[in-house]
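Peer 1: Structure of the sequence below:
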Amino acid sequence: MKATTMNNERKSKSKNKVKYTVAILGALLGIGAMAYAGAELLKTQRVYQEGDAAYESLTGSLRRGEGAGAAAAEAGASGGGSEGAAAASGAQGAGGTGAGTSAGGRAGGAGTEAGATEREFVPMVDFDALRQINSDAAAWLYGPGTVIDYPVMAAEDYNYYLGHLPDGTKNANGSLFIDYNNEPGFGGPLTVIYGHHMKSGKMFGGLVGYKKQAYYDENPYMYIYTDAANYRLDLIYGCVIDAREWSEQAFMYDENTEELLEFAESNSTFKSSVGYEEGEKLVVLSTCSYEFSDARYFVIGVLRDDTL
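Peer 2: Sure, this is the predicted structure:
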């Protein structure tokens, strides 16, 4: 009887040791997993920060004037009326450009003779320097009041610029890029620009703000700069769409622009008073959204010459 009791005690102790060992191993594995996840998170954050820093450097060295969209609007309003009036005028195809060395510099470069009607075009971006970095550089997109202030690349596929910065560095921020099915130089009736929806809000992360009417009311237009002209992009629609539907409807092709506009008119997340005339060129800005699997959000704008 005594031997049986001792044997049971040894078995109980052995089981307890096993349980203790398993618990220790589980805890160590949990700590290891947490440490690995933490290290990966820090690594990801570092990558994002490196991408953000690269874009800040590009903007600082290549864009001619920080916050120049507001300065241009004020310059356009200086002849009488408010900044809001200049914005309204720009929605009809006039208004100030989104960038410049300064309001005063723009006015000074407009011509010194009284009554002068022709003005020399001054690019808002140093495209010569930008194309020394990457010959794919096609434009620069700037959204006053938003974080959008980035170069736009001409892509040859849908993959490369999802994971590369304009200088060719591999980075999760990627680059804004134009659908390779579209005519270069915004020459066709439709141009689609893609960009990542970053959790930091950078790249096209802020684009989803247009899901709210109030955000649109505060930021109803953007600017697109090229080495040949400055454009104002008056936004007219914003929509959530399934990526599969986008592909099946082939909305990225010029010949389906009418169907794209019909879809957008019926599904827009904001209402715009901006008019659109047949034959005007359109630009779509597209990014990921998270209402459902493979959701996308895009806004459509009317491209209007804003060159002084």
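Peer 1: going forward, measure contacts between C-alpha atoms and count neighbours the same way
Peer 2: Will do.
Peer 1: SS state for residue 255?
Peer 2: Per DSSP: H, G, I helix; E, B strand; the rest coil, the local secondary structure of residue 255 is helix.
Peer 1: err, residue 223, not the other one
Peer 2: strand.
Peer 1: With the flanking residues excluded, which residue is spatially nearest to it?
Peer 2: Nearest residue to residue 223, sequence neighbours excluded (Cα to Cα, 6 or more residues apart in numbering): residue 232, at 4.5 Å.
Peer 1: Output whatever helix or strand residue 302 lives in as PDB, restricted to C-alpha atoms.
Peer 2: According to DSSP states H and E, residue 302 maps onto strand 295-305. Extracted in PDB, the C-alpha atoms of strand 295-305 (Å, rounded to 0.1, in the frame of the first residue of the first chain):
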ATOM      1  CA  ALA A 295     -12.400  47.000 -52.500                       C
ATOM      2  CA  ARG A 296     -11.000  50.100 -54.300                       C
ATOM      3  CA  TYR A 297     -11.800  53.800 -53.900                       C
ATOM      4  CA  PHE A 298     -11.400  56.200 -56.800                       C
ATOM      5  CA  VAL A 299     -12.100  59.800 -57.500                       C
ATOM      6  CA  ILE A 300     -12.600  61.400 -60.900                       C
ATOM      7  CA  GLY A 301     -11.600  64.900 -61.800                       C
ATOM      8  CA  VAL A 302     -11.900  67.100 -64.900                       C
ATOM      9  CA  LEU A 303      -8.500  68.100 -66.200                       C
ATOM     10  CA  ARG A 304      -8.400  71.900 -67.000                       C
ATOM     11  CA  ASP A 305      -5.600  73.900 -68.300                       C
END
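Peer 1: Can you spell out which helices and strands pack onto that strand?
Peer 2: Judged by 3 or more Cα pairs under 8 Å, 6 or more residues apart in numbering; DSSP states H and E, the packing partners of strand 295-305 are strand 230-242, strand 281-289.
Peer 1: Redo those as TSV? Include mean pLDDT and mean neighbour count.
Peer 2: Shown next, in TSV, are the helices and strands packed on strand 295-305 (pLDDT from 0 to 100; neighbours: other Cα atoms under 10 Å):
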stretch	mean pLDDT	mean neighbour count
strand 230-242	97	25
strand 281-289	97	22
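Peer 1: Of those, which is nearest residue 206?
Peer 2: strand 281-289 (9.8 Å; Cα to Cα).
Peer 1: Pairing partners for the closest one, with directions?
Peer 2: strand 190-194 (parallel), strand 295-305 (antiparallel) (DSSP bridges).
Peer 1: and residue 180, which of the ones you listed is closest to it?
Peer 2: Taking the strands paired with strand 281-289 one by one with Cα to Cα, strand 190-194 is closest: 8.9 Å.
Peer 1: Give me the contacts around that closest one.
Peer 2: Applying Cα atoms under 8 Å, 6 or more residues apart in numbering, the external contacts of strand 190-194 come out as 152, 176-179, 182-183, 252-254, 257, 281-287.
Peer 1: Spit out the contact partners of the nearest residue to residue 226 once chain neighbours are set aside.
Peer 2: Take residue 226 and drop its neighbours on the chain: the residue closest to it by Cα to Cα, 6+ apart is residue 139, 4.7 Å away. Taking Cα under 8 Å, 6+ apart, we find residue 139 in contact with 151, 152, 153, 224, 225, 226, 227.
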